[in-house]
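Colleague: could you look at this predicted model? Sequence included:
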Amino acid sequence: MINQFKILFLSTRPKTLLVGVAPVILGLGLSLSNKKELNIYIFLITIACTLLLQVGTNLVNDYYDFIRGVDNNNRLGPERFSSQGSSVQKLIKNSYISCFVISFLLGVILIVEGGLVIAAIGILSIFFAYTYTGGPFPLSHFALGEVLAFLFFGPIAVIGTVFLQLGYIPEGFILQSTAPGFLSAALMSVNNLRDRESDQKCNKITLAVILGKKYAKFLPIILLNAHLVISYVNYYQYNNHWFLIPFLVNLLFSPALILILNKNITSSINRTIGFIGAINFIYCLTTALIFTIQK
């Protein structure tokens, strides 16, 4: 039983969870720039719902990618624990169902606070969390991975957090919400670049498969640099040099990011995925602090 719980913990992909937390933190910082006192109770429930949905998505991914034969022992990514037998598969399936049920129940509190806008966000989030790899038409098989990562870990997460705190969306905040979206899409594109060959063999269509070996490497580079445009806009608009921190962060992580351009993709690219997650969290945290301090 202890081993099964360890397996369950690892199958949630704990190293990726900061990707979900980061945009909520940015949303809180943006809200603080317009309001002195925030509802911490609502903020904590927002974090909890976000993490439950992300964990549920990861578990659904583990379960269905194994069931459909998308992942095998030759994959470069982390192990799919559903391959360890029916008892583990049952545990993972029950766990992702539990995640979605609990997130819905907690989400009711957020709906009471935010109304129909939050209800729509919540329902769509649960729907896409499951159908990304679950159901008869998994969206991840139709080149929608980067788009969904951008939307749900960028604008939807940030704007949803702001709306819950302020009850409206201040001008310019939609632009701010795109930065973590670009970084999350970059992370997804590296993930798809790593799995391009195995996905192609299983007829799983991703942007990396569509672009092919030669051009697929440029997509994460473009997405990684897109968030720097937002940083420069902030620097120019607010005349605050602290907004240039993301440029230094990208420079610091550049050796790991260069792995994307290697001729042959190996398992070492998994480090790049982790570093992009770190860049995302650092960006959201520092930007949130800057907006809070300079209000």
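Modeller: That came through fine. What you see is a predicted model; the values in this text were computed from it and never measured.
Colleague: output the below-cut-off pLDDT ranges for the chain.
Modeller: 1-2, 69-85, 263, 266, 295 (pLDDT under 70).
Colleague: let's see 90
Modeller: Scanning the chain with the threshold set as pLDDT under 90 gives 1-17, 34-38, 61-91, 133-141, 171-172, 193-204, 213-214, 238, 250-275, 293-295.
Colleague: where along it do the helices fall?
Modeller: Along the chain, the segments classed as helices by DSSP state H run 2-11, 18-32, 40-67, 86-114, 116-131, 145-152, 155-166, 173-194, 196-201, 207-215, 218-238, 245-252, 254-257, 269-293.
Colleague: which parts of the third one are buried?
Modeller: Within helix 40-67, the residues that count as buried by 16 or more other Cβ atoms under 10 Å are 42-43, 45-66. All C-beta atoms are positioned from the backbone trio N, CA, C, and that covers glycine.
Colleague: packing partners of that helix?
Modeller: helix 2-11, helix 18-32, helix 86-114, helix 116-131, helix 155-166 (3 or more Cβ pairs under 8 Å, 6 or more residues apart in numbering; DSSP states H and E).
Colleague: need the ones you listed in JSON lines with mean neighbour count and distance to Thr286, can you?
Modeller: Below are the helices and strands packed on helix 40-67 laid out as JSON lines (neighbours: other Cβ atoms under 10 Å; distance: least, Cβ to Cβ, whole Å):
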{"stretch": "helix 2-11", "mean neighbour count": "14", "distance to Thr286": "29"}
{"stretch": "helix 18-32", "mean neighbour count": "24", "distance to Thr286": "9"}
{"stretch": "helix 86-114", "mean neighbour count": "17", "distance to Thr286": "26"}
{"stretch": "helix 116-131", "mean neighbour count": "17", "distance to Thr286": "26"}
{"stretch": "helix 155-166", "mean neighbour count": "24", "distance to Thr286": "15"}
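Colleague: got the contact list for the residue nearest to Ser31 when sequence neighbours are not counted?
Modeller: Leaving aside its sequence neighbours, Ser31 sits nearest to Gln165 (Cβ to Cβ, 6 or more residues apart in numbering; 3.9 Å). If you count contacts by Cβ atoms under 8 Å, 6 or more residues apart in numbering, Gln165 has them with Gly27, Leu28, Ser31, Lys35, Leu38, Asn39, Ile42, Phe43.
Colleague: kindly report the same for Leu59.
Modeller: Ser11, Thr12, Ile92, Lys93, Ser95, Tyr96, Cys99.
Colleague: one step back: out of the helices and strands packed on helix 40-67, nearest to Ala208?
Modeller: Closest of those to Ala208 is helix 18-32, at 18.7 Å (criterion: Cβ to Cβ).
Colleague: just the C-alphas of that closest one, formatted as PDB.
Modeller: Taking C-alpha atoms only, helix 18-32 is exported to PDB below (Å, rounded to 0.1, in the frame of the first residue of the first chain):
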ATOM      1  CA  LEU A  18       4.300  25.200  -9.900                       C
ATOM      2  CA  VAL A  19       3.100  25.800 -13.500                       C
ATOM      3  CA  GLY A  20      -0.500  25.900 -12.100                       C
ATOM      4  CA  VAL A  21       0.300  28.000  -9.000                       C
ATOM      5  CA  ALA A  22       2.400  30.600 -10.800                       C
ATOM      6  CA  PRO A  23      -0.500  32.400 -12.800                       C
ATOM      7  CA  VAL A  24      -2.700  32.500  -9.600                       C
ATOM      8  CA  ILE A  25       0.200  34.200  -7.800                       C
ATOM      9  CA  LEU A  26       0.500  36.700 -10.600                       C
ATOM     10  CA  GLY A  27      -3.300  37.300 -10.500                       C
ATOM     11  CA  LEU A  28      -3.000  38.000  -6.800                       C
ATOM     12  CA  GLY A  29      -0.200  40.500  -7.300                       C
ATOM     13  CA  LEU A  30      -2.100  42.300 -10.000                       C
ATOM     14  CA  SER A  31      -5.200  42.400  -7.800                       C
ATOM     15  CA  LEU A  32      -3.100  43.900  -4.900                       C
END
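Colleague: fine by me, we can end here.
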